[in-house]
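Novice: 3D model of this:
(2 chains)
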Amino acid sequence: MSKNNKNSLTGSTLQVQIVELIAQIIFTICAFFAVLAVISITLYMIANGTPAVFQVGIKDILFSTVWKPTASEPSFGILYVILTSVVGTVMAIVLGVPMGLLTAVFLAEVAPKRLAAVVKPAVELLAGIPSVIYGLLGLMILNPLMYRWEKALFQGSETHQFTGGANLISAVLVLAIMILPTVINISESALKAVSPELKASSLALGASHIQTIFRVMIPAAKSGIMTAIVLGVGRAIGEAMAISLVSGSSVNLPLPFNSVRFLTTAIVSEMGYASGLHRQVLFTIGLVLFIFIMLINIVLNSILKKGEKGND
Amino acid sequence: MKKNRVTKMMALVGVTALMLGSLSGCGNTDSTVQTTQQEPAETAGADIAAETTDSFAEAAEDAGQTAGDTADKTVSGTITMAGSTSMEKLANAVAESFMAKYPDVTVTAEFTGSSAGVEAVLNGSVDIGNSSRNLKGEEKTSGAVENIVAIDGIAVITDKENKAADLTTEELVGIYTGEIKNWSEVGGNDEAIVVVGREAGSGTRGAFEELLEIEDACAYANELDSTGAVMAKVASTPGAIGYVSLDVLDDTVAALSLDGVAATEDNIKAGTYSLCRPFVMATNGEISAQSDAVQELFAYLQSDEGKDLIKTVGLIIPD
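Specialist: Predicted coordinates for the structure are as follows:
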């Protein structure tokens, strides 16, 4: 340690240069590794996901609703699966974002310091809970509750297939809770970053605290909140473990009380024993999911850029 | 502020521990190959499959020597198998452990379907034809010998509260195809039926649907991806019905009898319980007429070690 200090302070220029060079090389390798990972994953997904598209036909995969991968005449339609992922994510956002945003307002503006000191770590811990725990709780608590509702709602129904509570609502509730920490943390930082002059001016003009929050602060923090929503979408659409436990995993139209299968759970549940074309189609599902995530990232980036321009 | 930092640290430590946990979880999957014997059926299959396909290529090269060297006392050579996809787990497990015990023997298995397997053993292209059904009359007259090495039994389960204790085969078919939706139609309480099954590609699902002749006609409300998940779901859901391999039955669920016959090993061996099928390793001519390696394989399956292996993949030992 002392020797190092000596080097950097009084050592020869050559030694300093060597250290600088080595550090630079290490940094470059690390940076390159991340890029390499992204590129190789992209190439791998495309290479593995496309053969089935040509074999089955893109129309028969994306726009057919029949998923019978092991039938004698197999059918690989994932339209319901895609719809489920889209509908499930949208519903989770509709539930989770208002709640998360209001929590962020509470933390940033309303909460007394002591209360905030309890809520803030709780939110941070929520982010650290592994998804399988959410799934287990959903399985033990949500599903039985849902089944009671289901029985009450569909009593005597001839057409409804009873699912035992494993349905879209359970999955959406679990997802909504899972995106809360993301939404809360990012929105809170965005709200705190709003310049105090704005808030002070608003209050000075006679607006109440609540008016100031909703009319001035939230609009001013708009781009940060949008980022929170997009990241929440990303988390919700990519989640597999928790919802595979609560959603029932049958391929159905995403109606609230139907057993449904998401893009992620479609891969997880059948990868174990799938072979041949079936396996390749699972990779295609992975590719579809990958494209969704990429689109979300592009949207996110464009929001961030706009936000920067707006701030200038 | 300080408190906050402490909680943050704790959260960090927690998250790190979780990440380490998930990493070591990944590590475990690689090592399952060694521990296969102790693992209950489900996870084993895929790993073994990966292992044996690796050795397949090299084995195919020396397949030419198959029949030769019968005089040699130390068992060596190759054993080739082909046939039922349902027997993949068993065949791979047998191949794996047999090769571990007899390093000079190479066992390869292909999965082409029961009929193709018997055909292959009859025309001499493989030593053993795997069939997950009894051999047909004409197959036997052509010289195929039916060696039943294991029996695959499936139990139909419900939650413990369910009053219906017996179903006819037609009722079971009706329930799984979605025609019967309430337990009151089959002698139970007025309770909706929640149809639980396995994911496409599962061997248990394949066997269940094949035996009831309802392949791809099932209307599942839950498609779960492991035996344990089916057991848990059925145990915790009033009105649920599911199917699992017979060996995993425990007292968290109730096993239904079928056409008045209880799902027990004894009834399966006696041939009265219908949801079961034999796993046949057919040979062309009696076992004693086969190569030393093949004879040794059958002797191995008869040994305690072999029987344990058959049990660990969830099958029943025939008498």
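Novice: Buried residues, stretch A:57-71. List them.
Specialist: Taking 16 or more other C-beta atoms under 10 Å in any protein chain shown as the basis for neighbour counts, the residues of stretch A:57-71 that come out buried are A:61, A:62, A:64, A:67, A:68, A:69, A:70. Just so you know, the C-beta spots here come from the backbone N, C-alpha and C atoms, and that holds for glycine as well.
Novice: Centre of the chain to it, how far?
Specialist: 26 Å (C-alpha atoms, centre = their mean, to the nearest Å).
Novice: Quick one: end-to-end distance for it.
Specialist: 17 Å (C-alpha to C-alpha, to the nearest Å).
Novice: again with stretch B:236-255
Specialist: Its first and final residues considered, stretch B:236-255 spans 15 Å by C-alpha to C-alpha.
Novice: List the buried residues for that stretch?
Specialist: Quick answer for stretch B:236-255 (16+ other C-beta under 10 Å): B:236-249, B:253-255.
Novice: what subset of those is also close to chain A?
Specialist: By C-beta under 8 Å from any C-beta of the partner chain, the members of the buried residues of stretch B:236-255 lying near chain A are B:236, B:237, B:238, B:239, B:240.
Novice: Any chance of these in JSON lines with secondary structure as columns?
Specialist: What follows is those, written out as JSON lines (DSSP: H, G, I helix; E, B strand; the rest coil):
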{"residue": "B:236", "secondary structure": "helix"}
{"residue": "B:237", "secondary structure": "coil"}
{"residue": "B:238", "secondary structure": "coil"}
{"residue": "B:239", "secondary structure": "coil"}
{"residue": "B:240", "secondary structure": "strand"}
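Novice: which bits of the stretch 51-200 of chain B sit near chain A?
Specialist: Counting by C-beta under 8 Å from any C-beta, the residues of the stretch 51-200 of chain B near chain A are B:178, B:181, B:192, B:193, B:194, B:195, B:196, B:199, B:200.
Novice: From these, pick the one nearest residue A:236.
Specialist: Nearest to residue A:236 among these, counting by C-beta to C-beta, is residue B:199 at 22.8 Å.
Novice: Surely the closest one and residue A:267 touch.
Specialist: No: under the criterion of C-beta atoms under 8 Å, residue B:199 is not in contact with residue A:267, lying 11.2 Å apart.
Novice: Between those two, which has more neighbouring residues?
Specialist: The neighbour count for residue B:199 versus residue A:267, taken as other C-beta atoms under 10 Å in any protein chain shown, is higher for residue B:199 (26 against 20).
Novice: measure the more buried one to residue A:69 for me?
Specialist: For residue B:199, the distance to residue A:69 equals 9 Å [C-beta to C-beta, to the nearest Å].
Novice: what residues are shared contacts of those two?
Specialist: Both residue B:199 and residue A:69 are in contact with residue A:270, where contact means C-beta atoms under 8 Å, 6 or more residues apart in numbering or on different chains.
Novice: about what we covered before: and the buried residues of stretch A:57-71, which two are the farthest apart?
Specialist: Looking across those, with C-beta to C-beta as the criterion, the two at the greatest separation are A:62 and A:70, at 20.1 Å.
Novice: Can you list which of the buried residues of stretch B:236-255 are found in helices?
Specialist: Using DSSP state H to define helices, the subset of the buried residues of stretch B:236-255 located there is residue B:236.
Novice: So which of the buried residues of stretch B:236-255 are in strands?
Specialist: The strands in this structure, assigned by DSSP state E, contain B:240, B:241, B:242, B:243, B:244, B:245, B:254, B:255 from the buried residues of stretch B:236-255.
Novice: Can you tell me which of those residues is nearest chain A?
Specialist: residue B:240 (5.5 Å; C-beta to the nearest C-beta).
Novice: Contact partners for the closest one?
Specialist: Contact partners of residue B:240, counting by C-beta under 8 Å, 6+ apart, are A:164, B:158, B:159, B:193, B:194, B:195, B:196, B:222, B:233, B:234.
Novice: how about a cut-off of 10 Å?
Specialist: For residue B:240, the contact set (C-beta atoms under 10 Å, 6 or more residues apart in numbering or on different chains) comprises A:147, A:162-164, B:157-159, B:162, B:191-196, B:221-222, B:230, B:233-234, B:253.
Novice: For residue A:168, see how far away it is.
Specialist: 19 Å.
Novice: what is the mean pLDDT for the helix or strand hosting residue A:114?
Specialist: When elements are defined using DSSP states H and E, residue A:114 is found to belong to helix A:113-128. When pLDDT is averaged along helix A:113-128, the result is 92.
Novice: coming back round to it: now intersect the residues of the stretch 51-200 of chain B next to chain A with the strands, please.
Specialist: Of the positions in these, B:194, B:195, B:196 sit in strands, assigned by DSSP E.
Novice: Return the member of those nearest to chain A.
Specialist: Proximity to chain A was ranked across those by C-beta to the nearest C-beta; first place goes to residue B:194, at 3.9 Å.
Novice: okay, the closest one: pLDDT?
Specialist: Reading off the model, residue B:194 has pLDDT 93.
Novice: Next: the one 5 residues further on.
Specialist: On pLDDT, residue B:199 comes in at 87.
Novice: quick one: it and residue A:282 touch, right?
Specialist: No: with contact defined as C-beta atoms under 10 Å, residue B:199 does not count as touching residue A:282 (11.1 Å).
Novice: overlap in contacts of these two?
Specialist: Residues touching both residue B:199 and residue A:282 (C-beta under 10 Å, 6+ apart) are A:69, A:266, A:268, A:269, A:270, A:271, A:274.
Novice: circling back: name the nearest of the ones next to chain A among the buried residues of stretch B:236-255 relative to chain A.
Specialist: Minimum separation from chain A among those (C-beta to the nearest C-beta) is found for residue B:237, which lies at 3.7 Å.
Novice: For residue A:111, list the residues it contacts.
Specialist: When contacts are counted by C-beta under 10 Å, 6+ apart, residue A:111 touches A:103, A:105, A:117, A:118, A:119, A:120.
Novice: and the first one, how far is that from residue A:134?
Specialist: This points to residue A:103. 18 Å.
Novice: The last one too?
Specialist: As judged by C-beta to C-beta, residue A:120 and residue A:134 stand 20 Å apart.
Novice: and these two? which has more neighbours close in?
Specialist: residue A:134 (23 against 19).
Novice: Give me the pLDDT for the residue lying closest to that one once chain neighbours are set aside.
Specialist: Counting by C-beta to C-beta, 6 or more residues apart in numbering or on different chains, the nearest residue to residue A:134 once its immediate chain neighbours are dropped is residue A:242, at 4.2 Å. Reading off the per-residue confidence, residue A:242 sits at a pLDDT of 91.
Novice: try residue B:3
Specialist: Here the pLDDT value assigned to residue B:3 is 50.
Novice: need the contact list for residue 193.
Specialist: Let's take chain A. If you count contacts by C-beta under 10 Å, 6+ apart, then residue A:193 has A:108, A:220, A:221, A:224, A:311 around it.
Novice: You answered for a different chain; I wanted chain B.
Specialist: When the contact criterion is C-beta under 10 Å, 6+ apart, the partners of residue B:193 are A:161-162, A:164, B:158, B:162, B:164, B:174-176, B:178, B:180-186, B:221, B:239-241.
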